[in-house]
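S.K.: here you go, sequence then predicted model.
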Amino acid sequence: MATPEWLVIEVLEARALGAFDISTSSSDPFVTLSLAKRGKDVSESQRTRVAHRNRHPMFSERFAFNLSKLKDADSIKLEVFDQDYLSSDFMGKVEYPLDELLKLASKAPYSRWFALAGKRPGDKAEGELHFQASVFTEQEYMEHNTKAPVLKRDPASLHQRLAEMWLEVNLQRLGHNLVPGTSVQQADAMKQLLQDLSMEVCLGKVITVFPLRSTGMETGAGAIVLPLKQKIQIPLENCFASKAWDKKGLDEAADIRLYVKSGNEVLAKTQVPIWDVPVQTAPSTPSTPTAQAAGSGDAAAAGDGVEAKAYTRTLQTYSWKLLGEGNMDVTFTVKLLPKPPPPPQAALTASPSTAGEQPPVMVADDMTSILQGSDDREAAPLASVPPPLDLVVVDTLMAAGPQAVYRELISEDASAIKTMIADAHLTNLKIGPWSMKQHEQYAKALFRTVSYTKPLNIPFAPKSADVMEDQRVYVKEAGGFVFEKRISTNAPKGDCFFVQQQFVAVSDGKGSSKLNVSIKVNFVKSAGLLKSTIQGVALKEGETNLKTLVANARQSLLSNTAPSQIQEVLKREGVVPDAAPVAAEAAAPAAVGAPGAAVPAAAAGGVNLGKVLMVLAVALLILLHVWILMIVADIQVTLHDALASLETSSMHLARVTSSSGGSP
C-alpha cells in the first residue's frame with residue numbers, strides 16, 4: 001500500500017459514561033480529537049457536538065488529519081468532556097499509538113470499543129468510546145469525500161437538503177432490563193408502567209407524539225420486553241425552517257430524538273443523527289431497493305425491501321423514580337423517504353397489526369406534529385410575546401415546561417375535557433381540522449373552529465344556545481406557546497360581542513414556564529344599556545373560571561413533578577417552600593372544562609351565557625314590575641280624582657238643596 005497521507009477518525013458512540021450532573025444523574029458529553037507527541041498536542045484539536053443529557057450518546061462524526069503535515073505525531077488522543085455552564089469537566093480519554101493504528105487500518109477500517117482512562121496512569125474513568133479509523137492516500141481521500149460527503153449540519157443547509165423529505169421510523173422492540181435483586185412486586189409495577197406508554201419523536205423544531213401499541217409483553221432473562229410493530233412517517237418541511245436557534249438547539253438540530261413517556265413524564269431518551277440515516281432516492285419495490293446514506297454510515301436491510309438503518313440503542317434514563325436502576329433499550333429502523341410519502345394506511349391512533357402483517361403506517365401531518373408536541377425539558381424562552389389583553393387573569397410560574405402546560409390547558413386530550421362534556425351536557429359537538437393560514441403578525445398560524453350546543457336553564461330564555469369557538473395557535477415550540485380563542489354565541493344579544501382569551505406560556509430555561517392568561521370583551525355593535533352589564537358579567541365569570549382552570553392544571557402538573565422542582569418554583573415565586581400551600585393551591589375547586597377542543601365559554605372563562613341571560617331576565621322582570629307599579633299609580637290617581645270630583649258634586653248638590661228649601 002502507498003504511504004498513507006490521511007487518517008480519518010469517525011467517532012461513533014459512547015456508553016455508560018459517568019454522571020457528572022448530579023441533579024439529572026446524567027452528563028452533556030462531547031469528544032475532542034488531536035494528534036499528539038509524548039502526550040502533547042501537535043495538531044489542532046477538533047471536537048464533536050454536545051450530546052445533551054445523554055450518558056449513551058451517538059455521535060457518528062468524521063474527522064480527518066493530514067499526516068504529511070504532522071510527521072512528528074506518535075499517538076491519536078480522544079478525550080471526553082462534560083459541558084458545563086462555566087467550564088468542561090474531564091470524563092476520560094483514549095490514547096492509542098499512531099503507528100499501530102495506521103498498521104491495523106491499512107487494509108480495512110479498524111473499529112472497536114475502548115475503555116476510557118483517567119488523566120494519569122492508573123486513574124479510572126467510567127464508560128467506553130467507540131471509534132473507527134481509516135487511512136487513505138490523497139487520491140483515495142478525494143474519492144472517499146466525493147462518494148460519502150459530510151452533510152452540512154446547520155439548520156439552513158438541513159432545510160435546503162431535507163425539506164422535501166419524510167422521516168420514517170419503524171419501532172420493533174422496547175425493553176427494560178431488571179437489575180439483580182428486583183422483587184416480584186417491583187417487576188409487576190414495572191409491567192404495569194410499560195402497558196401505557198407513548199413515544200415522542202423530535203427533529204429540529206417539530207415534535208410528534210403517538211401512543212405505543214404493543215403486540216404483547218414478554219418476560220424472562222432479567223428483562224421485560226414489549227414487541228412493537230409501529231411505523232410512523234413525519235414530513236420534514238418545518239423541522240429546520242426556523243431562524244431562531246440557541247446553542248443547545250444547534251447541537252441537537254440534526255438529532256432524531258426519541259423519548260419514551262408515561263403520561264406527562266419523560267422516562268428515557270435516545271438520539272440518532274440525521275446524517276447517519278439512509279435516504280431513499282426514488283420509489284422502490286421489494287425487488288429493487290434504492291437507497292443511499294444521508295451522511296456517513298452504512299444502510300442495513302429493514303426487511304420490507306427498502307434499505308433502512310437498524311439501531312438498538314440504550315436509552316438515557318430521565319425518571320429514576322419510576323424506572324429504578326435498570327436501563328431501557330429500543331430497537332428500530334429509520335430511513336428518509338422522498339415526498340410524497342406512501343398513502344396512509346391508518347391514523348395516528350391505529351391499532352397494531354397482527355402477526356405476519358406489515359405494521360400500519362401512521363402519517364403525522366404537519367399540524368399533528370406541531371400540536372401534539374410535549375416538552376418537559378429545558379428550552380430557551382420565546383424571543384417575543386404579545387402584550388396581555390384588558391384583564392390579566394393569571395400571571396404565575398408553572399412547575400413544568402411550556403408543552404406540558406399546553407397539554408393540560410389546551411390540548412383536546414386534557415383530562416378535564418371529558419368531565420366538562422359530561423357535566424355541561426354539551427351536544428352537537430363538532431371539532432374542525434387544523435389548517436395553516438397566513439397571519440399579519442405570525443408567519444404561520446393554525447386555525448380551527450369548534451362548535452357545540454349548551455343547555456340553558458334560565459327563565460324567559462331559550463332552552464339552549466349554540467356556541468362557536470375560533471381557536472388559533474400562533475406559536476408553539478419548546479420555548480413556549482401563544483394560543484387564542486374567540487368565543488361567540490347566538491343567545492340574545494350574542495351578536496353584539498365576542499370574548500377573546502389569550503394564553504401565553506414562556507419557558508424560564510429551568511424546566512418551568514411563566515404563564516399569562518388574559519381576557520377581553522369585544523363589542524362589534526351597540527348593546528344599548530346592557531353593554532356594561534354584559535361586559536362586567538363576562539369579565540367576572542371569565543376571571544373566576546380561568547383561575548379555577550389554571551389551578552386544576554397546576555394540580556395535574558404537580559402530581560407529575562419532582563418535589564425539588566416544586567420547591568424551586570415556590571422559591572422563585574417568593575412563597576415559603578412548604579408542601580401544604582402547594583397542595584392547598586393545587587386542590588382548588590376543579591374547573592368544569594379546559595379551553596381546548598370543545599370547551600364551553602362558561603366552563604373556560606368565556607361568556608357565561610346563563611349569567612348573562614339571568615341578568616337580562618332580571619332586568620326584564622324589574623322593568624315589568626316598574627311598569628305594573630306605574631299602571632297601579634295611574635289607577636290610584638284616577639280613582640283619587642274621581643272621588644274628589646264626586647265629593648265636590650255632592651257638596652254642590654247639598655248647597656243647591658239647602659237654598660231651594662229642600663225641594664229637588
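M.R.: Ah, there it is.

S.K.: low pLDDT regions in the protein?
M.R.: For the chain, applying pLDDT under 70 flags the ranges 1-2, 147-151, 264, 282-306, 340-379, 412-423, 438-440, 443-444, 458-460, 559-664.

S.K.: cutoff 50 now
M.R.: Low-confidence regions of the chain, defined by pLDDT under 50, span residues 284-293, 295-305, 341-357, 366-368, 370, 372-376, 576-607, 637, 656, 662-664.

S.K.: can you give me the helices for it?
M.R.: Along the chain, the stretches classed as helices by DSSP state H are 98-104, 138-147, 155-162, 184-194, 247-252, 320-323, 366-371, 402-409, 415-424, 531-558, 563-572, 579-586, 609-659.

S.K.: okay, now Ile22: neighbour count?
M.R.: If you count neighbours by other C-beta atoms under 10 Å, Ile22 ends up with 7. From N, CA and C alone the C-beta is placed, and that goes for glycine too.

S.K.: once you drop chain neighbours, what's closest to Lys248?
M.R.: Setting aside the residues directly before and after it, Lys248 is nearest to His52 in space (C-beta to C-beta, 6 or more residues apart in numbering), at 5.9 Å.

S.K.: need the distance between the two termini of stretch 467-485.
M.R.: Using C-alpha to C-alpha, to the nearest Å, the end-to-end distance of stretch 467-485 comes to 12 Å.

S.K.: ok, Lys205 - contacts?
M.R.: Applying C-beta atoms under 8 Å, 6 or more residues apart in numbering to Lys205 gives the contacts Asn238, Cys239, Phe240, Ala241, Ser242, Glu477, Ala478.

S.K.: what's Lys119 sitting at in phi/psi?
M.R.: Listed backbone geometry of Lys119 is phi -70, psi -40, with angles given as degrees, to the nearest 10.

S.K.: state the distance from it to Val11.
M.R.: In this structure, Lys119 lies at 20 Å from Val11, with C-beta to C-beta, to the nearest Å as the measure.

S.K.: in terms of neighbours, single out the busier of the two.
M.R.: Per other C-beta under 10 Å, whichever of Lys119 and Val11 has more neighbours is Val11, with 25 against 10.

S.K.: surely that one is in contact with Ser111?
M.R.: No: counting by C-beta atoms under 8 Å, Val11 stays clear of Ser111, with 11.2 Å between them.

S.K.: so what sits against both of the two?
M.R.: Once C-beta under 8 Å, 6+ apart is applied, the residues that Val11 and Ser111 both contact turn out to be Phe131.

S.K.: give me the neighbour count for the spatially closest residue to Arg15 that is not a sequence neighbour.
M.R.: Counting by C-beta to C-beta, 6+ apart, Arg15 lies nearest to His56, which is 4.9 Å off, once chain neighbours are set aside. The local packing count at His56 equals 24, with neighbours defined by other C-beta under 10 Å.

S.K.: mind listing what His56 touches?
M.R.: When contacts are counted by C-beta under 8 Å, 6+ apart, His56 is found next to Glu13, Ala14, Arg15, Ala16, Leu17, Thr270, Arg313, Thr314, Leu315, Gln316.

S.K.: list buried members of these by neighbour count.
M.R.: Taking 16 or more other C-beta atoms under 10 Å as the criterion, what is buried in these is Glu13, Ala14, Arg15, Leu17, Thr270, Arg313, Thr314, Leu315, Gln316.

S.K.: export these to CSV and tack on distance to Leu203?
M.R.: Listed next are the buried ones among the contacts of His56 as CSV, based on distance: C-beta to C-beta, whole Å:
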residue, distance to Leu203
Glu13, 19
Ala14, 22
Arg15, 23
Leu17, 24
Thr270, 13
Arg313, 16
Thr314, 20
Leu315, 17
Gln316, 18
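
S.K.: okay, and the beta partners of Lys437?
M.R.: For Lys437, the beta-bridge partners under DSSP bridges are Ala445.

S.K.: revised request: answer the last question for Ser111.
M.R.: As assigned using DSSP bridges, the partners bridged with Ser111 are Gln132.

S.K.: what sits against it?
M.R.: With contact set as C-beta under 8 Å, 6+ apart, Ser111 has these partners: Leu12, His130, Phe131, Gln132, Ala133.

S.K.: could I get the phi/psi values of the closest residue to Leu212 other than its chain neighbours?
M.R.: Excluding its sequence neighbours, the residue lying closest to Leu212 (C-beta to C-beta, 6+ apart) is Leu197, at 4.6 Å. With angles defined as degrees, to the nearest 10, Leu197 sits at phi -120, psi 160.

S.K.: only alpha carbons, please: show stretch 392-408 as CSV.
M.R.: What follows is the C-alpha trace of stretch 392-408 in CSV, where atoms were taken according to Å, rounded to 0.1, in the frame of the first residue of the first chain:
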residue,chain,number,x,y,z
VAL,A,392,-54.9,39.7,33.3
VAL,A,393,-56.5,36.7,35.0
VAL,A,394,-53.4,34.6,35.8
ASP,A,395,-49.7,35.6,35.8
THR,A,396,-47.8,32.8,37.5
LEU,A,397,-45.0,30.2,37.3
MET,A,398,-45.9,26.6,36.4
ALA,A,399,-43.7,23.7,37.5
ALA,A,400,-43.5,22.2,34.0
GLY,A,401,-42.2,23.0,30.5
PRO,A,402,-44.5,25.0,28.1
GLN,A,403,-45.6,22.0,26.2
ALA,A,404,-46.8,20.2,29.3
VAL,A,405,-48.7,23.3,30.3
TYR,A,406,-50.2,23.4,26.8
ARG,A,407,-51.4,19.9,27.1
GLU,A,408,-53.1,20.5,30.5
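
S.K.: for that stretch, buried residues please.
M.R.: Of the residues in stretch 392-408, 393-394, 396-408 count as buried by neighbour count, 16+ other C-beta under 10 Å.

S.K.: could you single out the nearest of those to Ala538?
M.R.: Looking at the buried residues of stretch 392-408 and their distance to Ala538, the nearest is Val393, at 12.1 Å (C-beta to C-beta).

S.K.: buried ones in stretch 164-174?
M.R.: Of the residues in stretch 164-174, those buried under the neighbour-count criterion (16+ other C-beta under 10 Å) are Met165, Trp166, Leu167, Glu168, Val169, Asn170, Leu171, Gln172, Arg173, Leu174.

S.K.: who's in contact with the residue nearest to Leu212?
M.R.: Taking C-beta under 8 Å, 6+ apart as the definition of contact, the neighbours of Leu197 are Leu174, Pro211, Leu212, Leu226, Val260, Lys261, Ser262, Leu267.

S.K.: relative to Thr270, how far out is the third one?
M.R.: Translated: Leu212. Using C-beta to C-beta, Leu212 is found at 14 Å from Thr270.

S.K.: again, but for the second one
M.R.: Using C-beta to C-beta, one gets 19 Å for the distance from Pro211 to Thr270.
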